[in-house]
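J.: Predicted coordinates and the sequence they were generated for:
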Amino acid sequence: MGSPRTERVAHALARDVRLPDGAGTLALVTIDNGLDHTKPTTFGPTGIAELTATLTSVRDRVRAGEVQAVAVTGKPYYLAAGADLTQVAGVTSREEALALGRGGHAAYGLLHDMGVPTFAFVNGVALGGGFELALNCDYRTAAADVRALALPETGLGLVPGWGGAYLVPRLVGVQDALDVILTRPAANKPFTAQQAERIGLVDVVLDTADFLEESVRWAARVLRGEVVVPRRELDDEATWRAVTDAARARLDATIHGSRPAPYRALDLVAHARDRSREEAFAAEDEALADLILSDEMRASVYAFGLVSGGKRPVGAPDAALARPVTRVGIVGAGLMAAQIALLLAQRLGVPVVMRDLDDERVAKGLEAVRSGVERLTSTGRLSPAAASRLLGSVRGTTDLADLSDCDLVIEAVTEVLSLKKRVFAEVEQVVSPDAVLATNTSALSVTQMAADLQHPERVVGLHFFNPVAAMPLVEVVQAERTSPEALATGFAVASRLRKTAVLVADRPGFVVNRLLVLLLGVIVDAVEKGTPVEVADRALRPLGLPMPPFELFDLVGPAVGLHVLTSLREDLGERFPRSPGLARLVEDGTTVVLPAAGKGLPKPVDPAIQATFDAAREAEPLGEPLDEAGVLDSVLTALTREIGHMLDEGVVATPQQIDLCMILGAGWGFHLGGITPYLDRTGCSERVLGRRLLPDGVANVPTA
């Protein structure tokens, strides 16, 4: 992986604070790396050593009777964002890995053994080891505006290694602890201060404006006995076992053993009830050391770096070239169009007009926008006043001339090239010469779409993913004649929408759909050749994808999947297989998957579709059946070959951009690193392409 960057040392600075009403002296330790808010405070070995030295000095003063309480807090906006992952990923030996865990436990253990009450004043982001710093204190306050409290380690190929796996189930109960340690990291859903207070992760939420002063006053009240914080009883042994057994069954049903970290974390929680603090922390050290030296963890850190750095798009033109966007037009009023309109109005704060052919379509689009606003209001993300303003900024029309004063017009009509060409030809007649035209196409050629326009250079692709508000990726498509100004405008709009933009060349399917549809095509092709549908559907379990293939087909829509598969086959050739069985499924409207057994569980393939594929195969035999390993090998081989083609074609600049697209556009796990690290570490890239896609050590434990 090369040498990690120099540690940004998290300094531990202690000062005395006189507690009110004669409650004594509080030693306040502030964690601060001395950098601005764009450089989060993280803990590396030097920072942990400094924290240990500072807390040791404070403990000496406690023993001398000079200090009656100890508190930790952070610089503005941060308590601490956890361990420095670049330092962790630079570890090369198990002894070094063990030292990381033991060093954190030793430092935080000083808070537990201080001899006076200890407090965490959580003034900002507290993630991973940063949140565990707070958990090792006796009491916790949190500022009302804190929105990121979490133990995300299992999503990064690690476990909570500085006390979290032992302390959280004791604090909030084993059921909620597994939500904190397993469920929320998988969904990337940190707690707000208020949510953390509700389950007992923090004791009180205080106003942000005078948070530190109020926290000191609250601590004084605790010391004087005016505030007593109740602590729950430890869950009984039967409850503990039942909850952890159910969690293990859920892991088996969702990730199928595809990565070790969630299982190791569950093991730690399962044994936390009956272990002593010392035994539990030693077990955390061992688990952490094993995982630090795993390929999944290195791939996760690589993926985390890609996502964190994705706000600086590779290959984007000078942002100063972007056209001002003060009014946006949307051609189409269907589901995607309405979602795009709502997001534009909300994030850009500009008027948006949706145009469709008749009043009925327009009314449906506006109703979809209204429903979206109502959902935002009902969940507290929009005030009634803001909701009213937002609804007022989106209007509908059937008159093309109403788009005339738009700076940006996005077409979001049916995926038919001739229709999209006609839409752009009509729009070009009414908008200004400087207006930028964008297409939300998911696979069609933007170059062909713009070919007959007077100004094809004004056309850029903006491929949003469904659901638009939730999916963080936008593929920004550069056609053959797209101007730097149009391209810069596309990137600027994506940025203002708080999306990660990836520059892609105008090649069929771009990145995400090209690879996902190929994957689905190979799976279906295996069934066409006689592989049972259940076998094909299980074959990709070792990858730990967000959903099985046939559930993904159901989500995309079989007709849409067939259409894209067919169009990619026409453009890219035989490696995108034909599927007579899928064509029959679409023609018959056959159900593809059954309902899930429970919330969050995968939807099983409907075995009834086997008959449809069998009938198609009898009419046209296509090959021999495969077992699960054979199907997986076929998929990985096809993906590897396709990625080689994509890089040769210049669809994106680097393999890293493919990985970023698969993480953000397809929801592929950090443990895969996107896709290319997995292909490298399984040897598939060298077998198929004769080379690694990434240098050894970039997203894996170095082999040399």
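T.: That came through fine. These figures come from a predicted structure and were not determined experimentally. Residues are numbered from 1 along each chain as shown.

J.: In this structure, where's the longest helix?
T.: Secondary structure of the chain read by DSSP state H shows that its longest helix is helix 628-649.

J.: chain center to it, what's the gap?
T.: Put simply, helix 628-649 sits 24 Å off its chain's centre (Cα atoms, centre = their mean, to the nearest Å).

J.: For it, which helices and strands make contact with it?
T.: On a contact count with 3 or more Cβ pairs under 8 Å, 6 or more residues apart in numbering; DSSP states H and E, helix 628-649 meets helix 512-528, helix 533-538, helix 655-666, helix 676-681, helix 684-689. All C-beta spots, glycine's among them, are computed from the backbone N, C-alpha and C.

J.: Taking the centroid of the chain, which residue is nearest it?
T.: Per Cα atoms, centre = their mean, the C-alpha nearest to the average position across the chain is that of residue 188, at 5.7 Å.

J.: Now do it against residue 678, distance only.
T.: Computed as Cβ to Cβ, to the nearest Å, the residue 188 to residue 678 distance reads 20 Å.

J.: What distance do you get for the closest residue to residue 661 other than its chain neighbours to residue 641?
T.: Once flanking residues are discounted, residue 661 sits nearest to residue 511: 4.1 Å by Cβ to Cβ, 6 or more residues apart in numbering. Distance of residue 511 to residue 641, given as Cβ to Cβ: 15 Å.

J.: And residue 586, by the same measure?
T.: 27 Å.

J.: before we move on, what about residue 408?
T.: The value you get for residue 408 to residue 641, if Cβ to Cβ is used, is 38 Å.

J.: Equivalent analysis for residue 274, please.
T.: In terms of Cβ to Cβ, residue 274 sits 51 Å off from residue 641.

J.: which of the two has more neighbours?
T.: Each of residue 274 and residue 641 has its neighbours counted (other Cβ atoms under 10 Å); residue 641 has more, 16 against 11.

J.: which ones are touching that one?
T.: Contacts for residue 641 (Cβ atoms under 8 Å, 6 or more residues apart in numbering) come out as 575, 688-689.

J.: quick one on the thing from earlier: neighbours of the residue nearest to residue 661, how many?
T.: Neighbour count of residue 511, defined by other Cβ under 10 Å: 26.

J.: Same question for residue 385.
T.: Neighbour tally, residue 385, other Cβ under 10 Å: 8.

J.: Mind telling me what element residue 250 is part of?
T.: Using DSSP states H and E, residue 250 sits in helix 237-254.

J.: contacts for that helix?
T.: Counting by Cβ under 8 Å, 6+ apart, 169, 174-175, 178, 182, 235, 262-263, 266, 269-270, 273-274, 597, 600-602 sit against helix 237-254.

J.: what sits against the closest residue in space to residue 77 that isn't next to it in sequence?
T.: Excluding its sequence neighbours, the residue lying closest to residue 77 (Cβ to Cβ, 6+ apart) is residue 124, at 4.2 Å. Residue 124 makes contact with 74-79, 143, 146, according to Cβ under 8 Å, 6+ apart.

J.: Tabulate the CA atom coordinates of the helix holding residue 250 in CSV.
T.: The C-alpha trace of helix 237-254 is given here as CSV (Å, rounded to 0.1, in the frame of the first residue of the first chain):
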residue,chain,number,x,y,z
GLU,A,237,-28.6,-14.8,29.7
ALA,A,238,-31.5,-16.2,27.8
THR,A,239,-32.4,-12.9,26.2
TRP,A,240,-28.7,-12.3,25.3
ARG,A,241,-28.4,-15.7,23.6
ALA,A,242,-31.7,-15.4,21.7
VAL,A,243,-30.9,-12.0,20.3
THR,A,244,-27.3,-12.9,19.2
ASP,A,245,-28.5,-16.2,17.7
ALA,A,246,-31.1,-14.3,15.7
ALA,A,247,-28.5,-11.8,14.6
ARG,A,248,-26.3,-14.6,13.4
ALA,A,249,-29.1,-16.2,11.4
ARG,A,250,-29.8,-12.8,9.9
LEU,A,251,-26.1,-12.4,8.9
ASP,A,252,-26.2,-15.8,7.3
ALA,A,253,-29.3,-14.9,5.3
THR,A,254,-27.9,-11.5,4.1
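
J.: Quick check: mean pLDDT of the helix or strand following that helix?
T.: Tracing the chain past helix 237-254, the next element assigned as helix or strand by DSSP H and E is helix 261-272. Per-residue pLDDT over helix 261-272 has a mean of 98.

J.: Quick check: next helix or strand after helix 261-272?
T.: Taking DSSP H and E, what comes next after helix 261-272 is helix 277-292.

J.: Okay, angle between that following helix and helix 261-272 too, please.
T.: With axes from the mean of the first three to the mean of the last three Cα atoms, to 10 degrees applied, the angle from helix 277-292 to helix 261-272 works out at 170 degrees.

J.: what's helix 277-292 packed up against?
T.: helix 94-112, helix 164-172, helix 261-272.

J.: just to revisit the earlier point, the residue nearest to the centre of the chain: what's it in contact with?
T.: Contacts of residue 188 by Cβ under 8 Å, 6+ apart are 152, 155.

J.: What is the least confident helix or strand in this protein?
T.: Here the helix or strand of the chain ranked lowest by mean pLDDT, DSSP states H and E is helix 609-619, holding a mean of 87.

J.: In this structure, where is pLDDT below threshold?
T.: 1-5, 310-311, 621-622 (pLDDT under 70).

J.: The helix holding residue 250 to helix 164-172, inter-axis angle?
T.: Going by the same axes, to 10 degrees, helix 237-254 makes 130 degrees with helix 164-172.

J.: Helix 237-254: which residues count as buried?
T.: For helix 237-254, a neighbour-count test (16 or more other Cβ atoms under 10 Å) marks 240, 243-244, 247, 250-251, 254 as buried.

J.: likewise stretch 37-44?
T.: 40-44.

J.: now that stretch: how far from the chain's centre is it?
T.: Averaging C-alpha positions (Cα atoms, centre = their mean) puts stretch 37-44 20 Å from its chain's average.

J.: What is the end-to-end distance of that stretch?
T.: 18 Å (Cα to Cα, to the nearest Å).

J.: who's in contact with residue 444?
T.: By Cβ under 8 Å, 6+ apart, the neighbours of residue 444 are 415, 417, 420, 567.

J.: Make sure residue 116 is indeed in a strand.
T.: No: counting by DSSP: H, G, I helix; E, B strand; the rest coil, residue 116 is not part of a strand but coil.

J.: Look up how far residue 533 lies from it.
T.: Distance from residue 116 to residue 533, by Cβ to Cβ: 64 Å.

J.: more crowded one of those two?
T.: Shown here are residue 116 and residue 533; by other Cβ under 10 Å, residue 533 has more neighbours (26 against 17).

J.: so the more buried one touches residue 524, yeah?
T.: No: taking contacts as Cβ atoms under 8 Å, residue 533 lies outside contact range of residue 524: 9.3 Å.

J.: Give me the buried subset of the contacts of residue 124.
T.: 74-75, 77-79, 143, 146.

J.: need the helices and strands packed on helix 628-649 in a markdown table with distance to residue 308, can you?
T.: Shown next, in a markdown table, are the helices and strands packed on helix 628-649 (distance: least, Cβ to Cβ, whole Å):
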| stretch | distance to residue 308 |
| --- | --- |
| helix 512-528 | 20 |
| helix 533-538 | 34 |
| helix 655-666 | 11 |
| helix 676-681 | 16 |
| helix 684-689 | 25 |
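
J.: for the ones you listed, which one sits closest to residue 485?
T.: helix 655-666 (22.5 Å; Cβ to Cβ).
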